[in-house]
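S.K.: Next comes the sequence, and after it the predicted model I'd like to discuss.
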Amino acid sequence: MTVWQIIILASIAVLALKLVGYLVPPSIVERPTPARVANLLTVALLSALIVVQTLGAGQGVVLDARVPAIIVAAGLFALRVPFIVVVAAAAATAALIRFIW
Amino acid sequence: MSDAIRASFAVGLAVAAYGISFGALSVASGLDVWQTCVLSLLMFSGGSQFALVGVLASGGVAAGGAAIASAALLGTRNGLYALRVAPFIGGPWPKKVLAAHWTIDETTAVSTAQPTLEGQRAGFWWTGVIIYVGWNLTTLAGALIGDLLGDVSQYGLDAAAAAAFLGLLWPRLKQLQPVVVAIGAAVVAAVLTPALPAGIPVLVAAAVAVIVGLANWFGTKESDRFEAEPDPMGEK
């Protein structure tokens, strides 16, 4: 697959999932269990992506400057600092640590 | 009506701004500026887009299948949002397809919070147009910045990607059940990353959500309410 094919296929999949909600009668899907699973699916995927982004190095795991950066980010999110500021602070933390080392 | 539009601007402008981080991270992940912009135009779903470029960053095009699956799985909640907004979004099919394209966390949250039908429609379409225009412009800006920066790890952009995911996750951790799922999925991903090809550990971690969700372990009555997150920055 090329990057373009991946972009097009994934975009079609995401739009199709949105369209399903307009086609299916609400009574069929709007039950507690599917709603709960969909909510938790989002949580699980985001959490797994955080781990892979923080520790992953190709097919392996390393502890490096990204770990303190994500800890800083967690602290700032807990203090309700805006998203864009936290993301910049995390990048700055990692960059600073790499610069000092 | 004006309340709905005011809410649209408040949420829309705040959220549109984080297209900058997406644009920069996407370029850092190996997509070019064009691919990054087309992704924001066609997919228009922040979580799915971050997931797609995140998996491509770790596994390259070889992880394409896993990248598509991750983006789609993160997009499943949009289908449930569509169920919520479909009753007040009428009209011919082209309009419905556009509405579907714009059915995301923020449009759902703003529109369903309005007390009147008129307000719900205004909230949906205003939030949609503000975020669509803003998200795509800021994606372009972020992509151009990322392109100029060059070597990304020097600037800590790889850490920024993890922080961005954390920002999307943070507002969803208000009850025990999602916290348990988040921890379980994190452990699964960490253990499997050295063992499986890039992208696959994230998909396996999704099984934690399915198992806990179906069994409803650690559930409360509150966890059955399906809430759209209006604002991933927790500013409201």
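M.R.: Yes, it's here. Because the structure is a prediction, the values reported are computed rather than measured. Numbering: from 1, shown residues only, chains lettered A, B, ... in the order given.

S.K.: B:Gly91 belongs to a strand?
M.R.: No: according to DSSP: H, G, I helix; E, B strand; the rest coil, B:Gly91 belongs to no strand; its state is coil.

S.K.: any residue of the longest helix seen in chain A up close to chain B?
M.R.: Ranked by number of residues, the top helix in chain A under DSSP state H is helix A:32-55. Yes: for a cut-off given as CB under 8 Å from any CB of the partner chain, helix A:32-55 has contacts with chain B, namely A:32-55. Where C-beta positions appear, they are placed from N, C-alpha and C, glycine not excepted.

S.K.: Which neighbouring elements make contact with that helix?
M.R.: helix A:66-78, helix B:46-59, helix B:64-85, helix B:157-169, helix B:176-192, helix B:200-215 (3 or more CB pairs under 8 Å, 6 or more residues apart in numbering or on different chains; DSSP states H and E).

S.K.: Give me the mean pLDDT for it.
M.R.: Mean per-residue pLDDT for helix A:32-55: 89.

S.K.: again with stretch A:77-93
M.R.: On average, stretch A:77-93 scores 91.

S.K.: Just the buried residues of that stretch, please?
M.R.: By neighbour count on 16 or more other CB atoms under 10 Å in any protein chain shown, the buried set for stretch A:77-93 is A:77, A:81-84, A:86-93.

S.K.: try stretch A:5-16
M.R.: Buried residues in stretch A:5-16 (16+ other CB under 10 Å): A:Ile6, A:Ile7, A:Ile8, A:Leu9, A:Ala10, A:Ser11, A:Ala13, A:Val14, A:Leu15.

S.K.: now stretch B:71-89
M.R.: B:71-86, B:88-89.

S.K.: ok, and which of these reach chain A?
M.R.: Checking these against chain A (CB under 8 Å from any CB), the matches are B:71-86, B:89.

S.K.: Go through chain B and flag its longest helix.
M.R.: helix B:117-149.

S.K.: before we move on, the earlier item: restrict the buried residues of stretch A:5-16 to those that also contact chain B, please.
M.R.: A:Ile6, A:Ile7, A:Ile8, A:Leu9, A:Ala10, A:Ser11, A:Ala13, A:Val14, A:Leu15.

S.K.: The first one falls within a helix, correct?
M.R.: Right, A:Ile6. Yes: assigned with three-state DSSP, A:Ile6 falls within a helix.

S.K.: How about it, nearest residue that isn't a chain neighbour?
M.R.: Nearest residue to A:Ile6, sequence neighbours excluded (CB to CB, 6 or more residues apart in numbering or on different chains): B:Gly64, at 4.4 Å.

S.K.: That neighbour contacts A:Gln5, doesn't it?
M.R.: Yes: if you go by CB atoms under 8 Å, B:Gly64 and A:Gln5 touch, sitting 7.4 Å apart.

S.K.: For the residue nearest to A:Thr93 when sequence neighbours are not counted, give me the pLDDT.
M.R.: Counting by CB to CB, 6+ apart, A:Ala69 is the residue found nearest to A:Thr93 once chain neighbours are left out, at 4.2 Å. A:Ala69 is assigned a predicted lDDT (pLDDT) of 97.

S.K.: tally of neighbours for the nearest residue to A:Gly56 once chain neighbours are set aside?
M.R.: Leaving aside its chain neighbours, A:Gly56 sits nearest to B:Ser58 (5.1 Å; criterion: CB to CB, 6+ apart). By the criterion of other CB atoms under 10 Å in any protein chain shown, B:Ser58 has 24 neighbours.

S.K.: So for B:Ser58, what's the pLDDT?
M.R.: 85.

S.K.: List the residues that contact it.
M.R.: A:Val52, A:Gln53, A:Gly56, A:Gly58, B:Ala198, B:Gly199 (CB atoms under 8 Å, 6 or more residues apart in numbering or on different chains).

S.K.: tell me the contacts of the most centrally placed residue in chain B?
M.R.: The centroid of chain B falls nearest to B:Gly47 when counting by CA atoms, centre = their mean (2.2 Å). For B:Gly47, the contact set (CB under 8 Å, 6+ apart) comprises A:Thr42, A:Leu45, A:Leu46, B:Leu74, B:Gly75, B:Leu168.

S.K.: got it, and A:Ala94?
M.R.: A:Ala65, A:Arg66, A:Pro68, A:Ala69, B:Ser153, B:Gly156, B:Asp158, B:Ala159, B:Ala160.

S.K.: In which helix or strand does it reside?
M.R.: helix A:83-100 (DSSP states H and E).

S.K.: now that helix against helix B:157-169, angle please.
M.R.: Angle of helix A:83-100 versus helix B:157-169, following axes from the mean of the first three to the mean of the last three CA atoms, to 10 degrees, is 150 degrees.

S.K.: got a list of what residue 5 touches?
M.R.: Picked chain A for this. A:Gln5 neighbours (CB under 8 Å, 6+ apart): B:Gly64.

S.K.: you looked at the wrong chain, it should be chain B
M.R.: Contacts of B:Ile5 by CB under 8 Å, 6+ apart are B:Ala122, B:Gly123, B:Trp126.

S.K.: Likewise for A:Ile70?
M.R.: A:Ile50, A:Thr54, A:Ala90, B:Ala159, B:Ala162, B:Ala163, B:Leu166.

S.K.: again, 6 Å this time
M.R.: Each residue near A:Ile70 by CB atoms under 6 Å, 6 or more residues apart in numbering or on different chains is listed here: A:Thr54, B:Ala162.
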